[in-house]
Each structure stands twice: as structure tokens, then as C-alpha cells.
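Asker: quick one, structure for this:
(one chain, ligands or ions: 1)
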Amino acid sequence: MKNEIIAVYPGSFDPLTKGHLDIIEKASKIFPVVVVAVANNYSKQNTFSVTERLGMMKESIKIKNVKIDSFSGLLVDYLDNIGSFVVIRGLRALSDFEYEFQMALMNRTLNNKIETIFLMPDHKYTFLSSSMVREIASLGGNFKNFVPPAVYKTMKKKFK
Ligand code: PNS
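Answerer: Next up, the predicted model:
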């Protein structure tokens with residue numbers, strides 16, 4: 001259908017967790033098209049390359065109206081390129097708020113058409129973050145319940 005709203009869920013996804021998946025599922029029930037966009041962010045030291053992150057995500061996300069992509073540069077420029085004005089972000093706890101608020105307002109300052117919509121993950125994921133999963137994996141802990149199977153497999157190989 002033409003003129004469908006495209007919602008973009010951007011992030012580092014280093015790696016994708018079950019908390020991200022929960023947000024993706026929720027967004028896919030609200031918007032006709034959701035693009036999960038992996039940031040190719042040179043200012044950030046990522047554990048997984050964009051190719052690795054995309055690979056794990058393509059194996060883990062099988063929802064009809066959800067597409068997976070990557071972008072470099074400014075998020076507002078990417079949104080413009082694909083004809084979107086909606087950004088989805090997950091908000092877990094108050095500690096996320098300041099960073100998210102700053103980012104949403106900066107994106108709106110760069111392009112006043114951009115709206116950021118915050119979705120709350122299920123309460124069982126409020127403590128979960130990619131950085132914690134990476135730390136647990138690198139220290140040999142059990143992180144199986146926190147990530148989709150494809151991510152678990154790739155991480156086990158990386159941290160063996
Ligand atoms: O998962 P993250 O690391 O919290 O995601 C942050 C991300 C990738 C959404 C943000 O860093 C971003 O949009 N980067 C692209 C560059 C950009 O547009 N920077 C200005 C945003 S304030």
C-alpha cells in the first residue's frame with residue numbers, strides 16, 4: 001500500500017537481545033512497516049561487525065512486516081532517504097530517559113518532522129542490555145536465556 005508509515009528502530013544491536021526482539025514485535029503490531037536499522041557507527045567500539053550483527057538479526061527476526069537494514073551517518077538523513085519520520089526506541093527504566101530524551105530532541109532539532117516513539121519492553125527485560133550480555137559471555141557465564149538462539153551460537157563461537 002502506498003503512503004504506509006515506515007517506523008525505524010535504530011540501534012547498535014551489539015548484539016540483538018530478547019529485549020530488542022520484544023520491542024520489534026510490539027512495533028510490528030502498531031506500524032505497517034518496521035525497519036530495524038543497525039548503525040554503522042565508527043565512534044563506537046563494537047564487538048560485532050555490521051555484517052555479523054546483520055547476519056544474527058536476519059536469522060532471528062522472521063516477522064513479515066519487519067525489514068532489516070544498516071545505515072552510516074546521521075539517523076535523520078537515513079530516515080529522509082527511506083521516506084520515514086518515525087523513530088522507535090525502547091525505554092527500560094528511568095536511567096535510559098536522559099540519553100533517550102537528548103537523542104530524540106537532537107533528532108527533532110535536526111529535522112522537525114521526526115517523531116520518536118518510546119515503547120516499554122516486557123518487565124522481564126527491563127534489566128537486560130547488550131553490554132551486560134557481552135560481559136557475561138566474555139566471562140564465561142550463562143547468557144542463553146537473554147538472546148535468540150542464532151545470537152547465542154555466534155557469541156559462543158566468538159567468546160570460546
Ligand atoms: O543502541 P544504541 O547504541 O543506543 O543506538 C544509538 C543510535 C545508533 C540510535 C544513535 O547513536 C544514532 O542514531 N547514531 C547515528 C548517528 C546520529 O544520527 N547521531 C545523532 C543522534 S543524536
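Asker: so what's the nearest residue to residue 55 once chain neighbours are set aside up against?
Answerer: Nearest in space to residue 55, with sequence neighbours left out and distances taken as CB to CB, 6 or more residues apart in numbering, is residue 154 at 7.4 Å. From N, CA and C alone the C-beta is placed, and that goes for glycine too. Applying CB atoms under 8 Å, 6 or more residues apart in numbering to residue 154 gives the contacts 15, 48, 52, 55, 56.
Asker: list just the nearest of those residues to residue 126.
Answerer: For the contacts of residue 154, the minimum distance to residue 126 (CB to CB) is 18.5 Å, reached by residue 15.
Asker: the longest helix seen in the chain and the ligand, are they touching?
Answerer: Taking DSSP state H as the criterion, the chain has its longest helix at helix 94-110. Yes: on the criterion CB under 6 Å from any ligand atom, helix 94-110 is in touch with the ligand at 103, 106, 107.
Asker: run a quick neighbour tally on the second one.
Answerer: If you count neighbours by other CB atoms under 10 Å, residue 106 ends up with 13.
Asker: likewise for the first one?
Answerer: Per other CB under 10 Å, the neighbour tally for residue 103 reads 15.
Asker: could you do the one 5 residues further on as well?
Answerer: Around residue 108 there are 15 other residues, counting by other CB under 10 Å.
Asker: and the pLDDT for it?
Answerer: Note for residue 108: predicted pLDDT of 98.
Asker: for the closest residue to it other than its chain neighbours, give me its contacts.
Answerer: Excluding the flanking residues, the one nearest residue 108 by CB to CB, 6+ apart is residue 114, at 5.4 Å. By CB under 8 Å, 6+ apart, residue 114 lies in contact with 76, 79, 85, 86, 87, 107, 108.
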